[in-house]
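Novice: Sequence and computational prediction follow.
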Amino acid sequence: MLQIGVKAQQDPQFSQHMFTKLYYNPGFAGANDAICASLLYRNQWTGFGGEPKTALFQADMPLDAVHGGVGLAVHAMDKLGAGNSLNIRGCYAFRTDLGNGRLGIGAAIGYMQQSLDGSKLVYNDAGDQNIPTGNESGGTYDLGLGLYYNTDDWYVGLASTHLTANDLKYGEITTKMARHYFLQAGYTFDLTSSLALKPSAIAKTDAVETQLDINTNLMINNRYWIGASYRLEDAIVILAGLEIMPNFKFGYSYDITTSDIKTYSSGTHEVVLGYCFSVAKTVKRQFHRNVRSL
């Protein structure tokens, strides 16, 4: 039996990573002090044929009963050629005041599944028992940890996924889940009463390959934004968005491929919808006896 090992990116990348913090870092859960949800779709390397297509849903909220926040991230419909993957994570973050900001210490537990449609494969050796001809799938549990600290002006987060580095088996195929590490940071500079500059960055590594995204968004009247990013040796990204209605935002990004694959790709499109709303906290009435009035 001939066995071949292949290394490839296992976690998806998002150009609008400033809106997908929960997916990378469970310590972010509850950081907005609001109930928030977002839906993102990414079509990578359009026109390549069998290119990656990814959908992500995430939601989180503060929860005083557990002294922090909880969240859910569902990374689904992650298609690449004949393959597909699904990742569902439940997140919890313990949040506490620290200095001028708040620290979130988070954990995530979830389920990861991968499948392969053998009918879509093109091969030369017909009848090879090691090549599936039908649908094969398998799954395993997944764990993650993260730290997230934020103030009114800046944030920094450090997280890791696939901590147990499990083997994910489907049919005759075994995928080794590599640990991934993420470092995110961002700052807000108030230029005028109506303009704010928001630089941010994210570094991603599996201890073999490392990728860095550097971004700057200009926020206008706290309602519109335009920006640009550079992904090391991969793409230049143009971003734009607006608040369609109070607390409901729409964002779009377009990746201009700069790597060797640019000959075959007409770029990458990504859209995101996000909604947040604050829940008024109930103030408990307190009564005190004044001993001076006895």
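Specialist: Structure's in. What do you need?

Novice: going forward, measure contacts and count neighbours with C-alpha atoms only.
Specialist: Will do.

Novice: Contact partners for Gly69?
Specialist: If you count contacts by C-alpha atoms under 8 Å, 6 or more residues apart in numbering, Gly69 has them with Ala29, Gly30, Ala31, Asp60, Met61, Pro62, Leu63, Tyr92, Ala93, Phe94, Arg95.

Novice: so where is the stretch 1-150 of the chain shaky, pLDDT-wise?
Specialist: Along the stretch 1-150 of the chain, segments meeting pLDDT under 70 span 1-10, 49-50, 77-82, 117-134.

Novice: Please confirm that Val271 is located within a strand.
Specialist: Yes. Assigned with DSSP: H, G, I helix; E, B strand; the rest coil, Val271 falls within a strand.

Novice: burial of the residue nearest to it when sequence neighbours are not counted, as a residue count?
Specialist: The shortest distance from Val271 to any non-neighbouring residue, by C-alpha to C-alpha, 6 or more residues apart in numbering, is to Tyr252 (4.5 Å). Neighbour count for Tyr252, taken as other C-alpha atoms under 10 Å: 20.

Novice: wait, Tyr252 sits on Ala228?
Specialist: No. In this structure Tyr252 lies outside contact range of Ala228 using C-alpha atoms under 8 Å: 11.4 Å.

Novice: where do the contact lists of these two overlap?
Specialist: Common neighbours of Tyr252 and Ala228 (C-alpha under 8 Å, 6+ apart) are Leu239.

Novice: What segments of the stretch 101-250 of the chain are strands?
Specialist: Secondary structure of the stretch 101-250 of the chain (DSSP state E, counting those that start in this stretch): strands at 101-117, 135-150, 154-161, 167-170, 173-176, 180-187, 189-190, 195-205, 210-220, 224-231, 235-245, 248-257.

Novice: tell me what the second one is packed against?
Specialist: If you count contacts as 3 or more C-alpha pairs under 8 Å, 6 or more residues apart in numbering; DSSP states H and E, strand 135-150 packs onto strand 101-117, strand 154-161, strand 167-170.

Novice: from the chain's centre, how far out does stretch 219-228 sit?
Specialist: Centroid separation for stretch 219-228 versus its chain: 21 Å, with C-alpha atoms, centre = their mean, to the nearest Å.

Novice: Mind putting the helices and strands packed on strand 135-150 into a markdown table with distance to Asn84?
Specialist: Below are these laid out as a markdown table (distance: least, C-alpha to C-alpha, whole Å):
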| stretch | distance to Asn84 |
| --- | --- |
| strand 101-117 | 5 |
| strand 154-161 | 19 |
| strand 167-170 | 12 |
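
Novice: Can you check which of those strands gets nearest to Asn43?
Specialist: Taking C-alpha to C-alpha, strand 101-117 is the member of the helices and strands packed on strand 135-150 nearest to Asn43, at 19.0 Å.
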